[in-house]
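K.L.:
Here is my input, please return the structure:
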Amino acid sequence: MVRIAAVMGVFVAVLILDPVGAWSSESFDYGAKEMNAAIEGTWELTLDGETTRFEISQAAKVARAESGGLVKAAVACNKRTLVRSAGACAGGDTTMPLDIRVTNGLLKMRSGKFFVSGLQFKEGALEIAMGSFTLTATVSPKGKVSKLVPPAWAEGKPAKLVRLVFD
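P.N.:
This next block holds a predicted model:
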């Protein structure tokens, strides 16, 4: 009787602490390390002949506060957000808030996010806030840009985004 009560106690604790993980056998095949490998570093954006060099790094905290509740937000929404101190949680999407620091150029960039949909990291969506506009790019796990959508004010103008690799 004591063993049954102990087993039931452990089951209930797991269910309360990790309700999705208790029933799911699927897990992410990537985390902050793999996303950082794809996105962190020095980048160069050329829009209509003007080049801006900037650095991307994982943000230390989420830019805006999220509402609390009885159920962890990541479990309730089936999403996770990676910040420096975050642990893993169950879900199907991952968002990494980014800090952007312009090192050379005139464009104003302040923050961004990197979003990967699904349990496998095949590609991610990079979004960079540029004033009231957003630059969006599709990025591979190796940091290669396959699609670039410039901000609305630069639509139709030549645009290129590359991650610079220094040896």
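
K.L.:
now the strands for this structure?
P.N.:
Using DSSP state E, the strands found in the chain span residues 41-47, 50-58, 79-81, 93-104, 111-117, 124-130, 133-139, 145-149, 159-164.

K.L.:
Lowest average pLDDT across those strands?
P.N.:
Comparing mean pLDDT across those, the lowest value falls on strand 79-81: a mean of 57.

K.L.:
For residue 33, find the nearest of the strands of the chain.
P.N.:
strand 50-58 (10.3 Å; CB to CB). To be clear about C-beta, it is placed using only N, CA and C from the backbone, and glycine gets the same treatment.

K.L.:
Mind listing what's buried along that closest one?
P.N.:
52, 53, 54, 56, 58 (16 or more other CB atoms under 10 Å).

K.L.:
Tell me the one among those nearest to residue 39.
P.N.:
Minimum distance to residue 39 across the buried residues of strand 50-58 is 5.6 Å, recorded for residue 56 (CB to CB).

K.L.:
these two touch, right, that closest one and residue 36?
P.N.:
No. Under the criterion of CB atoms under 8 Å, residue 56 makes no contact with residue 36, lying 9.5 Å away.

K.L.:
Enumerate the positions of stretch 134-147 that are buried.
P.N.:
Buried residues in stretch 134-147, counting neighbours by 16+ other CB under 10 Å, are found at 135, 136, 137, 139, 141, 143, 145.

K.L.:
ok, the nearest residue to residue 39 once chain neighbours are set aside - contacts?
P.N.:
Excluding the flanking residues, the one nearest residue 39 by CB to CB, 6 or more residues apart in numbering is residue 114, at 4.9 Å. Listed by CB atoms under 8 Å, 6 or more residues apart in numbering, the contact partners of residue 114 are 35, 38, 39, 95, 96, 98, 124, 125, 126, 127, 139.
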